[in-house]
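J.: What follows is a predicted structure for the sequence shown.
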Amino acid sequence: MQNPTIIILLFFIIIFGGCNAQTDLNIEKNKSNDFWKKKLSPITYYVTREKGTEKPFTGKYWDNNKKGKYYCICCDQEIFNSKYKFKSGTGWPSFYDVSLKKNIKLITDLSNNMSRIEVQCSNCNAHLGHLFNDGPKQTGLRYCINSCSLIFKN
Ligand SMILES: [Zn+2]
């Protein structure tokens with residue numbers, strides 16, 4: 001018969017080992033509005049947590065041509081790669097593809113008397129922008145994204 005202490009010890013190693021295996025990204029999921037208000041600038045809070053839209057040609061990234069990656073500003077999950085960015089002329093950073101499909105959620109958005117597809121970060125539910133089907137030929141898609149919902153790193 002095995003020593004029960006060892007079995008109990010193994011049990012705790014498995015449980016706590018499992019918790020430690022969770023990434024930091026998962027922790028961001030269910031934060032309160034107060035948490036986000038403290039963490040984010042007013043415009044970023046308005047866009048990402050209240051589904052707002054920044055004014056065109058005002059954001060940091062619509063005209064950014066540097067090579068690198070764009071991450072969710074709320075939780076740091078990778079969303080876009082500069083290789084999919086294109087000049088749309090809209091005044092918002094525009095991409096024809098995402099880095100990883102699983103890193104975004106697409107949601108039907110019927111607000112403002114329009115039928116659109118909302119793009120959210122799949123990890124923290126941040127509102128990022130909208131998806132349209134008038135993009136360049138590579139995919140035909142145009143991810144129209146608010147600069148302030150992203151953080152660029154190269
Ligand atoms: Zn996020």
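T.: Everything's here; your move. Residues are numbered from 1 along each chain as shown.
J.: The ion contacts on this protein?
T.: Residues of the chain found near the ion (CB under 5 Å from the ion) are 72, 74, 75, 77, 121, 123, 124, 126. The C-beta positions use only the backbone N, C-alpha and C, and glycine is treated the same way.
J.: Secondary structure and pLDDT added to those residues, as TSV?
T.: Listed next are the residues of the chain next to the ion as TSV, based on DSSP: H, G, I helix; E, B strand; the rest coil; pLDDT from 0 to 100:
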residue	secondary structure	pLDDT
72	strand	98
74	coil	97
75	coil	96
77	coil	98
121	strand	98
123	coil	97
124	coil	96
126	coil	97
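J.: the strands in the protein, which residues?
T.: Secondary structure of the chain (DSSP state E): strands located at 69-72, 78-81, 85-86, 94-95, 104-109, 116-121, 127-132, 142-145, 150-153.
J.: Low-confidence stretches in this protein?
T.: Confidence mapping of the chain against pLDDT under 70 gives the ranges 1-28.
J.: Not counting residues beside it along the chain, what's closest to the residue nearest the centre of it?
T.: Centroid-nearest residue in the chain, with CA atoms, centre = their mean: residue 121, separated by 3.1 Å. Leaving aside its sequence neighbours, residue 121 sits nearest to residue 72 (CB to CB, 6 or more residues apart in numbering; 4.1 Å).
J.: ok, the one you found - contacts?
T.: 78, 79, 121, 123, 124, 126, 128, 149, 150, 151 (CB atoms under 8 Å, 6 or more residues apart in numbering).
J.: follow-up on the earlier one: could you dump the strands of the chain into a markdown table and include distance to residue 63?
T.: Formatted as a markdown table, those follow (distance: least, CB to CB, whole Å):
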| stretch | distance to residue 63 |
| --- | --- |
| strand 69-72 | 14 |
| strand 78-81 | 15 |
| strand 85-86 | 10 |
| strand 94-95 | 11 |
| strand 104-109 | 23 |
| strand 116-121 | 20 |
| strand 127-132 | 16 |
| strand 142-145 | 14 |
| strand 150-153 | 12 |
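J.: Tell me, how many residues neighbour the nearest residue to residue 46 once chain neighbours are set aside?
T.: Take residue 46 and drop its neighbours on the chain: the residue closest to it by CB to CB, 6+ apart is residue 52, 4.0 Å away. By other CB atoms under 10 Å, the residues close to residue 52 number 15.
J.: for residue 52, what are its contacts?
T.: 43, 46, 127, 146.
J.: For these, give me TSV that also has distance to residue 92 and neighbour count.
T.: Output for those, formatted as TSV (distance: CB to CB, whole Å; neighbours: other CB atoms under 10 Å):
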residue	distance to residue 92	neighbour count
43	14	17
46	15	17
127	13	23
146	6	29
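J.: That'll do, ta.
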